[in-house]
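I'll drop the sequence and a predicted model, then ask my questions.
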Amino acid sequence: MSYHLNIQTNPNNSRGSTYTESSASSPIILANRHWSHQDESNFKTHCTHTISQDDGHSVLSLVANDRYLFSGSQGSTIHVWDLQTFSLITTLKGHCGSILGLALSLDRQWLFSCSGDGTVRVWDTETLKCLFLIRSCHDVGDVFSVVYAKQAQMLFLGCQNTSIQWYDLDDLKNETAMDTTSHKSTVLRNKCQKSRFFANGLGSNIENLEYKDVKQCVVREKNVLTNAHDGYVYCLIYSNDIPNVNGEVLVSGSGDGDVKIWLISNKTLHLLHVFKGDSDMGVLTIVQSENGYLFCGVQGGDIQIWDLETYQMIRSIKGHSDDVLSVTIKGTGFVSASADGKINLWSEGFELEESIKQDNGVLLSLTHSQDYIVTGGTNHTIKFWNTQHLTSPVDNARKSSDLNDVNSGDMMLSVLDRWVSMRTVSGMPKYSEECRKGARFLKNVFQSLGAQSRMIPGASGRNPLVYGKFFANQIQSGKDAKDPSFKTFEKPKTVLIYGHYDVIPAENAKGLWESDPFKLSGRNGYLYGRGTSDNKGPILACIFAVHELLKQGDLDVDVLFLIEGEEENGSIGFQEALDEQKPLFEGVDVILLSNSYWLGEDVPCLTYGLRGVVHASITVYNGLSDLHSGVEGGAMSEPLVDLIHVLGKLIDTNKRVLVPGFYNDIRPITPAEDTLYDPIVKWLQRSTDKPLTSSSRSQHSCITPSSFSDSGSETSEYSNENGLKQQLMVRWRYPTLSVHKIDVSINNPTIIPRNAKAVISMRVVPDQKISDICNSFQSYTKKVFQDSKTENMISVQIESAADYWLGNPENKYFKAAEDAIEKEWQIKPLYIREGGSIPAVRLLERFCNAPAIHFPMRQASDQAHLPNERIRLLNLHAGRRIIKNFLKTVGTQKEKRVE
């Protein structure tokens, strides 16, 4: 006797797993088996109680409220168990087919049961009496699933005939009592409508049917959505918490492999989205988590995880070796049960934490009650598993009351503490769930602080962007452009604040970090941890600045936030995401970012320029395999040697790039720009900063006079005013070419590698064209290679490119930022440029047709991208106050009236 899976195909190509308990001809053959006697104490999760259904039939469905556990039997009855005593209270009879699904209303006062007899019953969970019997106006076959939408007062049925039907409970007052004899004949006719899935036991309670006081209802023709799927509708769930969807939603899963999202509106269903699946992997069970994920158990053992906000599949896990029949949320993770007899417990990051094996029988149903998960299967037993260790406190960031009851500064640090703990490393697939978790956390923070927020899908397989919008107080108070009285108000300006939540890796294998990089640590007035300065700390300073203005009633501008998750990975998909969401960014007046450093430790700065960047690679290769140098050395051209020859022709001994035209089209320095260097040079000349050690070198420390003493000839060249100014210009406003690394096909001291690849970057400046630089670089590199007369081959690839950015320090927004900084620090900021690149800045300027300003909060020694990254608390709080004052000033710069 054995268990096997049977795939049936109906005339409409509907597919479904068949689990039956009957004779040898049935797809599932039952044996009287027992759990294996392995020591359950080895598991964190352990069975604390077992109960058995007295009818000897499989447990097909389970649901629990605070008082009772309800178990649906293959034998057409519903057993009611007391959760305190684990004793049988009663058996609910009425159906004449297997109980395929059970559900509770949100208030838990009603129990809904659906059956292989094609009907649905509604039971009172207090009196345990049947209130309504609902049947379709069609022969639907089995009703696999049932769910209730409270606000709409609609009961939805997922049917074998591929339809979704609903009964409108508002129609109850219009229904007239049916003749008992007539209805009894209908039920007898339904007796012939045997479940194809659970045929045994049909009609065993036909003589016990009671119709007294049972309201009998029929689904109206207009409430039938035929061919809702191309397969059996196995599962339905109800939600009123789908991201970016206002209203009640129905989610359906089918044997066709698709999952569909339906809006419940005006007493009908409207299709919102389809998650396309594989028809050979029918969706058997669905559950939604609080953080907006949809977990789908499918045929064959996979668990598909969809993000309901971005409509992307973020993971497909091979969770089991056979069909996943039930999934439930427990703690911060989820639990799955399968026909392979296993219960698997998964972490918040979708990693398998525990697997519990049932050696005999198939797990058919799963639910949870308080600290327990409850399972039912083909061996007619129900088991209670203690999972208290999975229960965790509710995420405080989701509780707006928690956020609003504490001091804003303390709140900001609390949120930063939690956010830093999330390893939002971009470009590494093993951290993709952490990145999504960090993005969703930020979205929840926005919403808790009074903003509208949503997640924007990134490129396929990449991290989402987070969008937030705070409305000006006059909008918050109800005055908007549609209000006739709005014309008395000035149109508020719109400020877009850009940042990124992704970070670079922070492995501590060499022990260079003094504390856990993903645990916020405070020492001597600094906060240490990956992302504290780049860029989570400055982002939160901006968010809480806006929140404080909103609470004080002083927010006179609309503030948009766009926080991306791929900045450290080249901003992949950023432009495409913007293009898809263009209406969200209409009317932007100015763009603000804070993703850089001061020049030193004690003087604040404003950044008005960044170089662009081109990332390229040069690969020299041949068609041979890796060769032994003792055999082939000297007899062939070696790819690595040829590559070194090419690289040696890119820059001369005076550090000048030899690519033709590399220094063409550089914007001449103007008197106004030259003047901006004067206060910087004076600060450098009087600076008393001590030289920083090489292990903690700051972003700008190499241009302080004290650092020149280590470089010999540089001291005399750059110690005077013109020399210092020239050194700054070399680093900020002139193009450069750098070789970062060389990779070979094999790293062995006796082997000649068959290919060698160099990674190169070129920094470009105003007014150079990236296309000209790229074309010249490729042409020159190939010519140098051809001149070497080697039999090897070369490939020159442009991997990515980002344009330069140059702001106007004289515009009103820079002046507003300057005033806010001077008010806070009692000193004028230095206007600086930087040699680095931030791809999104120039892109956003063009996209929004608005100027950008760059306000650094970090000191030069804050170690971004290095061990012991940090930010000074003084700078973080000062940055928050500066942003507040900046936004206040911008709010006074009036626009034309809206008429």
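Cool, got the structure. Here the structure is a predicted model, which is why all the values come from computation and not from measurement. Numbering: from 1, shown residues only.

switch to C-alpha atoms for all contacts and neighbour counts from now on
Fine.

show me the shaky parts of the stretch 51-200 of the chain.
Counting by pLDDT under 70, the ranges of the stretch 51-200 of the chain that qualify are 173-200.

can you pull out the helices in it?
180-191 (DSSP state H, counting those that start in this stretch).

and what of the stretch 351-500 of the chain?
Applying DSSP H, counting those that start in this stretch to the stretch 351-500 of the chain gives helices spanning 400-404, 408-420, 432-448, 473-476.

list the buried residues of the longest helix seen in the chain.
Scanning the chain for the helix with the most residues, using DSSP state H, yields helix 873-892. Residues 873, 875-891 are the ones in helix 873-892 that count as buried (16 or more other C-alpha atoms under 10 Å).

hmm, back to that, out of the helices of the stretch 351-500 of the chain, deepest packed?
Greatest average neighbour count among the helices of the stretch 351-500 of the chain goes to helix 432-448 (a mean of 22), per mean count of other C-alpha atoms under 10 Å.

what does that one rub up against?
Identification of contacts with helix 432-448 by C-alpha atoms under 8 Å, 6 or more residues apart in numbering yields 291, 314, 349-350, 397-400, 403, 419, 422-426, 452-455, 462-468, 501-502, 543, 565.

rounded mean pLDDT for stretch 262-270, please.
Across stretch 262-270, pLDDT averages out at 94.

er, stretch 513-526 actually
Stretch 513-526 comes out with an average pLDDT of 90.

mind listing residues that contact it?
Contacts of stretch 513-526 (C-alpha under 8 Å, 6+ apart): 416-417, 420-423, 506, 508, 527-530, 867-868, 870-874.

out of these, which are buried?
416-417, 420-423, 506, 527-530, 867-868, 870-873.

narrow those residues to those in strands?
If you go by DSSP state E, the buried ones among the contacts of stretch 513-526 have Leu527, Tyr528, Arg870, Ile871, Arg872 in strands.

out of those residues, what pair is the most spread apart?
Farthest pair in those (C-alpha to C-alpha) is Tyr528 and Arg872. Separation: 8.9 Å.

mind pulling up the pLDDT for Cys47?
For Cys47, the pLDDT comes out at 80.

now the strands for the stretch 51-200 of the chain?
Assigned by DSSP state E, counting those that start in this stretch, the strands in the stretch 51-200 of the chain fall at 59-64, 68-73, 78-82, 88-92, 99-104, 110-115, 119-124, 130-135, 143-149, 154-159, 164-168.

to Leu844, which of these lies closest?
Using C-alpha to C-alpha as the measure, strand 143-149 is the one of these that comes nearest Leu844, at 42.7 Å.

packing partners for the closest one?
Here strand 143-149 touches strand 99-104, strand 110-115, strand 119-124, strand 154-159, strand 233-239, going by 3 or more C-alpha pairs under 8 Å, 6 or more residues apart in numbering; DSSP states H and E.

Serialize the ones you listed to JSON lines and add fields for mean neighbour count.
Shown next, in JSON lines, are the helices and strands packed on strand 143-149 (neighbours: other C-alpha atoms under 10 Å):
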{"stretch": "strand 99-104", "mean neighbour count": "25"}
{"stretch": "strand 110-115", "mean neighbour count": "26"}
{"stretch": "strand 119-124", "mean neighbour count": "22"}
{"stretch": "strand 154-159", "mean neighbour count": "25"}
{"stretch": "strand 233-239", "mean neighbour count": "24"}
